[in-house]
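In: Sequence and computational prediction follow.
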Amino acid sequence: MNASSQSGAVRPTGLFHAALVAILAYGAAPAVADTALTNASYTATKEMFAAYNPAFARYWKAKTGEAVVITQSHANSSTQASLVNNGLAADVVTLSVPLDVDEIASNHLVSESWKQRLPQGSTPYYSTIVFLVHKGNPKAIKDWPDLVRWGVRVVMSNPKSSGGARWSHLAAWGYALKKPGGNEASAREFLKRLYNNNKVLEYTARGASNTFVNLKQGDVMVSWENEAFQIVAQYPDLFQMVVPSVSVVAEPPVAVIDKVVDQRGSRKVAEAYLQYLYSAEGQSIAASHFYRPSDPAVASQFEKQFTPLKLFKVGEFYKDWQTIDRVHFQDGGIFDQVYDQYRNGS
């Protein structure tokens, strides 16, 4: 794969049109319903929203007497942003990185102040980046330095196309900066060694999971924590999770698409849909699908589920996601500088 030939803001053409056709077909409005709502989300939330949507529908019916039918669409986060910018009539988006909502805001479909509309910067739950290894941990993976050892085959997705991969890239960057004596030069070198051990650089985080789990390639996968939890729950005899000493706070944002809800008259239910993610039930559903809840009371109920670790936010290093994108992921950025497509694997 020629990772460096892709632009920082991924805008696939054939894939884009295919995804648009599929999502619009999947998202056709129901024939009979008091209210219809469409949520454009990223791939890894499919299971969570399959549980959350019926819960919100029950809540909304009890509160207002209205039936609401929620259509769910899933693709990688940057593709969803492109789809919305090009006409997908989503009432809300629940994406993997703030930059993708900013892309929609730059097209005047969402207010530029979208982060201020809901608590925690419009991030109702969060995750982090961990490692998934084969049962018994045959390569003795314990922390970030083990991923750059000779002979360790790492599976990741491409930060040019995958929101989860951007969090993984930044988690490794932050680890290298924060270690004693760490600086930008040593962080670049660490990333270079990490990508040199990369076995497969998939287009999406879910694609990386398929490669590692089903195709059985690689020794370790760098993963969303919630994705790793799901895989271990499904295959407890085959895989286990390793939590590093330090990692990033991965903050998947949510937003109402102002232009769509004002045209459709769905603002009230769309805003309630996102607000309910902060309710006790919404937070419990997120936690039961292995996202870390932002509500302290719910977090305490799930405390034993999550391994403690040192967490940092990307705001410690950069003022906004536009800066992150320019420095790391746009053409010629740090990813292009450290990733050698001709040395893909140990």
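Out: Cool, the structure landed.
In: Now do stretch 252-266, average pLDDT.
Out: If you average the pLDDT over stretch 252-266, you get 97.
In: ends of it, how far apart?
Out: 23 Å (C-alpha to C-alpha, to the nearest Å).
In: now that stretch, how far from the centre of its chain.
Out: 20 Å (C-alpha atoms, centre = their mean, to the nearest Å).
In: Helix or strand: which one has E47?
Out: For E47, the element it lies in under DSSP states H and E is helix 46-64.
In: if we look at that helix, which residues are touching it?
Out: If you take C-beta atoms under 8 Å, 6 or more residues apart in numbering as the criterion, helix 46-64 is touched by 35, 39, 41, 66-70, 72, 74, 94, 226, 230, 269, 272-273, 276-277, 279, 281-282, 285-286, 288-289, 291. Where C-beta positions appear, they are placed from N, C-alpha and C, glycine not excepted.
In: cutoff 6 Å now
Out: Helix 46-64 is contacted from outside by 67-68, 70, 72, 74, 273, 276, 281, 285, 289, using C-beta atoms under 6 Å, 6 or more residues apart in numbering.
In: Please identify the buried residues of it?
Out: Across helix 46-64, burial judged by 16 or more other C-beta atoms under 10 Å covers 48-49, 52-53, 56-57, 59-60.
In: Would you map the helices across the stretch 151-300 of the chain?
Out: 163-178, 184-196, 205-213, 225-234, 258-264, 267-275, 280-288, 296-301 (DSSP state H, counting those that start in this stretch).
In: Show which residue of the chain lies farthest from the average position.
Out: G65 (33.8 Å; C-alpha atoms, centre = their mean).
In: still on that earlier bit, comparing the helices of the stretch 151-300 of the chain, which comes out most buried?
Out: helix 163-178 (a mean of 25; mean count of other C-beta atoms under 10 Å).
In: Can you give the distance of that one from its chain's centre?
Out: With C-alpha atoms, centre = their mean, you get 13 Å for helix 163-178.
In: Give me the mean pLDDT for it.
Out: Confidence for helix 163-178, expressed as mean pLDDT, is 97.
In: can you list contacts of that helix?
Out: Outside helix 163-178, the residues that touch it by C-beta under 6 Å, 6+ apart are 77, 96-97, 129, 144, 156-159, 182, 186-187, 190-191, 194, 205, 222, 224, 246-248, 250, 312, 314.
In: right, so of the helices of the stretch 151-300 of the chain, which gets closest to G121?
Out: Closest to G121 of the helices of the stretch 151-300 of the chain is helix 267-275 (C-beta to C-beta; 12.9 Å).
In: Buried residues, stretch 128-143. List them.
Out: Buried residues in stretch 128-143, defined by neighbour count with 16+ other C-beta under 10 Å: 128-134, 137, 139, 141.
In: Endpoint to endpoint, stretch 89-99 covers what distance?
Out: When the termini of stretch 89-99 are compared using C-alpha to C-alpha, they are 20 Å apart.
In: Now do that stretch: everything it contacts.
Out: So stretch 89-99 is contacted by 37-42, 77, 84, 101, 163, 166, 252-257, 260-261, 266, 270, 274, 321, 325 (C-beta under 6 Å, 6+ apart).
In: No further queries at this time; thank you.
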